[in-house]
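K.L.:
need coordinates for the following:
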Amino acid sequence: MASEYYIPNPKMRRSVIVLIILLVCASRIYASHIFGGELLYTHDSLNSYKITLTLYGDCKGASFPNLPGSVPRILIQNGNVFVDSVLLNIETANSNIEVSPVCPSQLDSTTCHGGKLPGVKKFVYSNHFILPFASSNWQFIFDGNMEAGGFAGRSSAITNIYNPSGTSIMYLVATLNNISAPNNSPYYTTIPTPFYCVNITQQYNQGCNDIDGDSLSYSLTSALDGSGKVSYTFPYSDSTPMSADTFSFNYLNGQLIFKANAAQDALIVTRVSEYRHGVLVGTSMREMTFVILSNCNTTPPLANIYSITGGNNKGNTITVCQGISDLDFKISAYDSSIDTIIATPVSVPGSATLNIANNNTTNPQLDFSWHTAAIPTGVYNFFVTYKNNHCPLSSTQTIAYTIIIVPPYTASATVLAPTQCLHQAYVQLNIAGGVLPRTVILKEGALTVKTYIDSVGIIRDSLAAGAYTAIINNDNGTCPVYYSFVIPDSGLLPQPYTHPLVYCRYNTSSPIQLNIIDSSTVQWYDANKTPIMHAPTPSTINPGIFIWYVSEHYKTCSIFFDTVAVMVHDLPAITILNKEATACYGDKIYLDATGGIKYKWETTSNKIVTEKDGRLFSLLIDTVTYTVVATDENNCVDSASSSYSDIQKCCLFSYPNAFTPNGDGRNDRFRVITYGNMENYELSIYDRWGQRVFTTTDPYTGWDGNYHGQPCEIGTYFYLLRATCLTGHYEEQKGDITLIR
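P.N.:
Purely as a prediction, here's the structure:
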């Protein structure tokens, strides 16, 4: 099929240039009026197809009034080769219909009627076209050209793409492969502009139904314009298009589950691919705008599956083993706001029944029943829309129920390589059927040996001789099978010695021990391959790598000159970063070292304290020795020590008599110069009237000549200092200073 970018062929270059110019110009004029849409086709007869474009207009958009008179243009291409174009006509009976998801009493409050609630109207355009020949690569392209209505500019309310109302023109592509047979696009049963509330978990599904019975696959894809993919605003993308605490998408049924965490209008684009007998026969795109409101709190209706027989479920996905006669389950719908709920099913399999009791009450009950004995394997989806009557915003959840009918598991085992003295055989398990991914639990008696997750049908592994049972299942517990097989023992090879022994320097060593097989014979050799009598005892005096060799013989199997390596690591080179020197009583000594990755500090007398940033320190109050024990990356350990014996009292004070707070960076503050460590400190400054203009308890904080942020006058001021050194000396001093500017 065609690539994800759809650019016309060179024959159209001139018309494309004109089109681009028109797009740029028109986007400035006709913009901010499209919330979403989809381009679909249905088969008429022979090679004739009806092409249908559905657009959802933003009632407050600048060019919204042009939609009834628009004539959308569709380009027809075979691959990237332009073939023709067709203009679509509005279907009057199906257009200009308001589909705003609000309760009926609030329709007059939407922007379609001059109100404030977001308003949406649906417009449908269609025409017929005869394809000139069959091709596997037909493309129907809506390039945004609305002819009389200008261009289909996206709504300016969209928040996750750049400049939605400026240069962003809607671009939709549908593809068709009609080589073998005609095809019809699936049709959508839910509108693409749902309204939701912030911080409430929601579900949405497009409710696709395909009249051809094709297998449908769903994916999130990028919105397009005439130049390719649109630009999403950071951090959004086609796969993460919404600001949400949770966001998930199911490719089997198109189910979206999310919890939006901010008000937004999120553009979300999906592609639905149709497969028939494994061949891709068509695709279609749908643009949607999810309107997330912050001024609402309605909770959506919820629905739970219960009383299931004939299958197993994981959430809303039910797996059934082929040949099971009947599948039955019930669904209970409820609403935490105790609103009335209407449940509307869509695309229920033709031979199944879905009965609804208590519909249009606060607790509808759905009863699904399907005689599945003769149903082919495959994926079957049906949808139920649950809508409450909450006002002003009626909350809707469309939930997909996926039934997967799977063939029973089959399994076989093949020994690709027997044990042949290799300890373990090389075995291949062949698995088919069931649901992917498969879980394979391998047991030997009651012991679980290994567990595998398989998605390809082939598991290869090495297994010891013995009797095994493979239990094959999936996370839904559907169609489990038990398969038993035996791996014969054809002899054992002595285990090769592959991992080196590791010591640290000066460690105590012992003779090398091997994990040898009973009744085998062993011969040791030195580094020159000269036989030695006994297993060697490594020396750890010097660091390095030391080599010996060993041969082992068991039955008919032998291994010769297997290398035995012993690695002796040197001890870490530990360096204490703080240097021994004369210090003051009460100095803070930070304990830092290098050479290791883990350190343990010890002290002979002083307590070690941990600061908030994790650094260690100790206050000098006595002669002390600090010892660090360091461990390096090889788990080798060594230590180093540092001592402080010359500890001075260091309790001195110096009193300047003038300072110049003029901002020149010199002598701008007045403080008492201290030498030593303080236990208590208080400095106060007074003016000549005795008013205190400054005080501090920090010896390193000085007065800047200001009082309450205003410069003080030039003149004489008086200070009073009271301080106690850690040595116990008490200092009380009064004096005067001169403030000079």
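K.L.:
please state the offset of the lengthiest strand in the chain from the chain centre?
P.N.:
In the chain, assigned by DSSP state E, the strand with the most residues is strand 279-293. Relative to the chain's own centre, strand 279-293 is displaced by 22 Å; criterion: Cα atoms, centre = their mean, to the nearest Å.
K.L.:
return the set of buried residues in the helix or strand immediately after it in the chain.
P.N.:
Counting by DSSP states H and E, the next helix or strand C-terminal to strand 279-293 is strand 302-309. Under the neighbour-count criterion of 16 or more other Cβ atoms under 10 Å, strand 302-309 has 302, 303, 305 buried. All C-beta spots, glycine's among them, are computed from the backbone N, C-alpha and C.
K.L.:
ok, back up a step: the longest strand of the chain packs against which elements?
P.N.:
strand 34-45, strand 172-176, strand 195-197, strand 264-276 (3 or more Cβ pairs under 8 Å, 6 or more residues apart in numbering; DSSP states H and E).
K.L.:
turn the buried residues of strand 302-309 into a markdown table, including pLDDT and distance to residue 554.
P.N.:
Formatted as a markdown table, the buried residues of strand 302-309 follow (pLDDT from 0 to 100; distance: Cβ to Cβ, whole Å):
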| residue | pLDDT | distance to residue 554 |
| --- | --- | --- |
| 302 | 92 | 66 |
| 303 | 95 | 65 |
| 305 | 96 | 59 |
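K.L.:
dump the residues you listed into JSON lines; add distance to residue 110 as well.
P.N.:
Output for the buried residues of strand 302-309, formatted as JSON lines (distance: Cβ to Cβ, whole Å):
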{"residue": "302", "distance to residue 110": "27"}
{"residue": "303", "distance to residue 110": "28"}
{"residue": "305", "distance to residue 110": "35"}
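K.L.:
circling back: buried deepest among the helices and strands packed on strand 279-293, which one?
P.N.:
Among the helices and strands packed on strand 279-293, ranked by average contacts under mean count of other Cβ atoms under 10 Å, first place goes to strand 172-176 (a mean of 25).
K.L.:
what residues does that one touch?
P.N.:
1-2, 6, 37-41, 49, 53, 135, 137-142, 183, 185, 224, 281-285, 287 (Cβ atoms under 8 Å, 6 or more residues apart in numbering).
K.L.:
ok, back up a step: residue 583: which of the buried residues of strand 302-309 is nearest?
P.N.:
Closest approach between the buried residues of strand 302-309 and residue 583, by Cβ to Cβ: residue 302, at 71.4 Å.
K.L.:
burial check on the spatially closest residue to the closest one that is not a sequence neighbour, number of neighbours?
P.N.:
The shortest distance from residue 302 to any non-neighbouring residue, by Cβ to Cβ, 6 or more residues apart in numbering, is to residue 334 (5.8 Å). Neighbours of residue 334 under the rule other Cβ atoms under 10 Å: 17.
K.L.:
can you read off the pLDDT for residue 334?
P.N.:
Note for residue 334: predicted pLDDT of 93.
K.L.:
please tell me how far it sits from residue 344.
P.N.:
According to Cβ to Cβ, to the nearest Å, residue 334 stands 16 Å off from residue 344.
K.L.:
just residue 186 next, same as before
P.N.:
18 Å.
K.L.:
okay, and for the chain, where does confidence drop off?
P.N.:
Applying pLDDT under 70 to the chain picks out residues 1-32, 165-167, 420-423, 490-499, 555-556.
K.L.:
Provide the secondary structure category for residue 67.
P.N.:
Under DSSP: H, G, I helix; E, B strand; the rest coil, residue 67 falls in the helix class.
K.L.:
contact partners for it?
P.N.:
If you count contacts by Cβ under 8 Å, 6+ apart, residue 67 has them with 33, 55, 57, 95, 96, 121, 123, 146, 149.
K.L.:
quick one on the thing from earlier: I'd say the residue nearest to residue 302 and residue 365 touch.
P.N.:
No - Residue 334 lies out of contact with residue 365 (Cβ atoms under 8 Å); the separation is 9.9 Å.
K.L.:
count of neighbours near residue 131?
P.N.:
Applying other Cβ under 10 Å, we find 19 residues neighbouring residue 131.
K.L.:
who's the closest spatial neighbour of it, skipping the chain neighbours?
P.N.:
Nearest to residue 131 is residue 47, by Cβ to Cβ, 6+ apart, at 4.3 Å.
K.L.:
more crowded one of residue 186 and residue 344?
P.N.:
The neighbour count for residue 186 versus residue 344, taken as other Cβ under 10 Å, is higher for residue 186 (21 against 16).
K.L.:
domain assignment for the chain?
P.N.:
10-293, 302-406, 410-487, 501-569, 575-648, 652-739 (automatic domain parsing).
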